[in-house]
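# here is a sequence together with a model predicted from it:
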Amino acid sequence: MFLSGRDILSIHDLDPEEVNSLLDFAQDLKSDYIHGGFTPDFLKGQTLGMIFEKSSTRTRVSFEVGMYQLGGTALFLSNRDLQLGRGEPIKDTARVLSRYLNGIMIRTFGHDRLVEFAKYASIPIINGLSDLLHPCQVLTDLLTIREFKGKHLHNLKMAYVGDGNNMANSYLYGAAKVGMTLTVATPKSYKPNAKVLRQSAADAKLTGAKLNWTEDPIEAVKDADIVATDTWASMGQEDEHEARKKIFAPYQVNKELLSHADKRVIVMHCLPAYRGEEITEDVFEDNAEIIFEEAENRLHMQKAILSAVMG
């Protein structure tokens, strides 16, 4: 496959052609499955290890089902199942698992854990989520945008409103690679990662993408074709929840905010959604078709990623 043996830790590590190839591939796999109930057994006889240090619904199910549909096997591994949970060095675990498995997906806290794992592993490592980045989700969202807004993403304007978290960071990398216009709106103290802002700005120069940051959510969504948001308190930030609700209240995606967007705007959310906080119930339900198609597309994008790096 075209990314054989590669790690997928960040969209920044992919060139624009590779990103678009993944989107095309995922669309083809989805079409085969939806219209014919068929998925090629690209990974017959192969095994994916799935290390979860953070809980998950969509990530676990989409990767596990994806491997099954591709003819392979997936192993769920939590900290309780591995010696990592008892202090074994990451580099030792990486080298051991590389001798048993054909690829590893990791959903964790610190991004540095992923980087160290990839350094010592001799098989592909896939970032299922870290505190810094969520590349699989944003690749999925680009696929979903294609379906609802057309393939020419460089003609579209997108706004992300809320916390400058792993989703905001990955949207910046993703938009830069496909030439999209993206404005991120966050409170000043919750801006996206400074390194991500620098790197995505450099990537944008190669594709003509236009990336902006603002504190003003109305400015961000003005004439936007797509508006995306995410929870205000990610896993590990539960003790900040009440304080964040007050800080982020002006960034709620509601009908008043959307009145400044394009009349045909679609709203996206990677889930889980906390209605009445980052998004209102009515806006969520008005866009439920899109949001749950976005959730389904995790399966098809995961299959594309797995096939591309393990095939």
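Thanks, I have it.

# what residues of the longest helix that the chain contains count as buried?
In the chain, taking DSSP state H as the definition, the longest helix is helix 288-310. Neighbour-count burial for helix 288-310 flags 290-291, 294-295, 297-310 (criterion: 16 or more other C-beta atoms under 10 Å). For every residue, glycine as well, the C-beta is placed using N, CA and C.

# with stretch 62-71 instead?
62-64, 66-67, 69-70.

# got it, and stretch 201-213?
Buried residues in stretch 201-213, counted by 16+ other C-beta under 10 Å: 203-204, 207, 209, 211, 213.

# Ala220 belongs to a strand, doesn't it?
No. Counting by DSSP: H, G, I helix; E, B strand; the rest coil, Ala220 is located in no strand; its state is helix.

# in space, what's closest to it - neighbours in sequence excluded?
Among residues not flanking Ala220 along the chain, Ala185 sits closest, at 3.6 Å (C-beta to C-beta, 6 or more residues apart in numbering).

# my guess is that neighbour contacts Met158. True?
No. Assessed by C-beta atoms under 8 Å, Ala185 is found out of contact with Met158, at 11.4 Å.

# so which elements touch the longest helix of the chain?
Contacts defined by 3 or more C-beta pairs under 8 Å, 6 or more residues apart in numbering; DSSP states H and E place helix 288-310 against helix 16-36, helix 58-69, strand 103-107, strand 125-129, helix 135-149, strand 266-269.

# how far is that helix from where the chain is centred?
With C-alpha atoms, centre = their mean, to the nearest Å as the basis, helix 288-310 stands 10 Å off its chain's centre.

# angle of it against strand 103-107?
With axes from the mean of the first three to the mean of the last three C-alpha atoms, to 10 degrees applied, the angle from helix 288-310 to strand 103-107 works out at 140 degrees.

# CA atoms of helix 288-310 as PDB?
Only the C-alpha atoms of helix 288-310 are listed here, as PDB (Å, rounded to 0.1, in the frame of the first residue of the first chain):
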ATOM      1  CA  ALA A 288     -27.800  14.700  13.400                       C
ATOM      2  CA  GLU A 289     -27.600  13.200   9.900                       C
ATOM      3  CA  ILE A 290     -24.200  14.700   9.300                       C
ATOM      4  CA  ILE A 291     -22.900  14.100  12.800                       C
ATOM      5  CA  PHE A 292     -23.700  10.400  12.800                       C
ATOM      6  CA  GLU A 293     -22.500  10.000   9.200                       C
ATOM      7  CA  GLU A 294     -19.300  11.500  10.600                       C
ATOM      8  CA  ALA A 295     -19.300   8.900  13.300                       C
ATOM      9  CA  GLU A 296     -19.900   6.000  10.800                       C
ATOM     10  CA  ASN A 297     -17.000   7.300   8.600                       C
ATOM     11  CA  ARG A 298     -14.600   6.600  11.400                       C
ATOM     12  CA  LEU A 299     -15.000   2.900  10.300                       C
ATOM     13  CA  HIS A 300     -14.200   3.600   6.700                       C
ATOM     14  CA  MET A 301     -11.300   5.900   7.400                       C
ATOM     15  CA  GLN A 302      -9.800   3.500   9.900                       C
ATOM     16  CA  LYS A 303      -9.900   0.800   7.200                       C
ATOM     17  CA  ALA A 304      -8.200   3.100   4.800                       C
ATOM     18  CA  ILE A 305      -5.400   3.900   7.300                       C
ATOM     19  CA  LEU A 306      -4.900   0.300   8.400                       C
ATOM     20  CA  SER A 307      -4.700  -0.900   4.800                       C
ATOM     21  CA  ALA A 308      -2.400   1.900   3.700                       C
ATOM     22  CA  VAL A 309       0.200   1.300   6.500                       C
ATOM     23  CA  MET A 310      -0.200  -2.400   7.200                       C
END
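
# if anything else comes up later, I'll come back, but that's it for now.
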